[in-house]
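Colleague: make a model of this:
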Amino acid sequence: MWLGGFVGAGSVFGNAWLIPVLGAGAFFMAFLFGQILLGLCMESRGWLGAARRPVSLRQLCGAAVMLAAVVLLRL
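Modeller: Prediction:
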């Protein structure tokens, strides 16, 4: 419970600090990319009781498209 509070506070601080630096579009795409990447890692490793499933090529391609979107938004 305490860890969640610290992580949540860090997330709010990071939002307030990074949105003016990156821009809202690039920030939220990077945020979603991080969530997708963490989800893929959790499923492939079985972290926190998640069902262990191998990462498919389709999932990797989707993550690569998200990363390309972040890069394109920064240009």
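Colleague: going forward, measure contacts and count neighbours with C-alpha atoms only.
Modeller: Will do.
Colleague: sec struct for residue 54, please.
Modeller: Using DSSP: H, G, I helix; E, B strand; the rest coil, the secondary structure recorded for residue 54 is coil.
Colleague: so the most centrally placed residue in the chain is in which element?
Modeller: Geometric centre of the chain, nearest residue: residue 34, 1.4 Å, by Cα atoms, centre = their mean. Per DSSP states H and E, residue 34 falls inside helix 24-45.
Colleague: what's in contact with that helix?
Modeller: 18-19, 47-48, 50-55, 63, 66-67, 69-71, 73-74 (Cα atoms under 8 Å, 6 or more residues apart in numbering).
Colleague: so which of these are in helices?
Modeller: If you go by DSSP state H, the contacts of helix 24-45 have 18-19, 63, 66-67, 69-71, 73-74 in helices.
Colleague: from these, list the buried ones, please.
Modeller: Buried by 16 or more other Cα atoms under 10 Å: 63, 66-67, 69-70, 73, out of the ones in helices among the contacts of helix 24-45.
Colleague: format those as a markdown table; extra columns: pLDDT and distance to residue 5.
Modeller: Below are these laid out as a markdown table (pLDDT from 0 to 100; distance: Cα to Cα, whole Å):
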| residue | pLDDT | distance to residue 5 |
| --- | --- | --- |
| 63 | 91 | 28 |
| 66 | 90 | 28 |
| 67 | 90 | 28 |
| 69 | 88 | 30 |
| 70 | 85 | 28 |
| 73 | 84 | 31 |
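Colleague: so how far is residue 31 from residue 22?
Modeller: Distance of residue 22 to residue 31, given as Cα to Cα, to the nearest Å: 11 Å.
Colleague: so what's residue 51 closest to, chain neighbours aside?
Modeller: residue 43 (6.2 Å; Cα to Cα, 6 or more residues apart in numbering).
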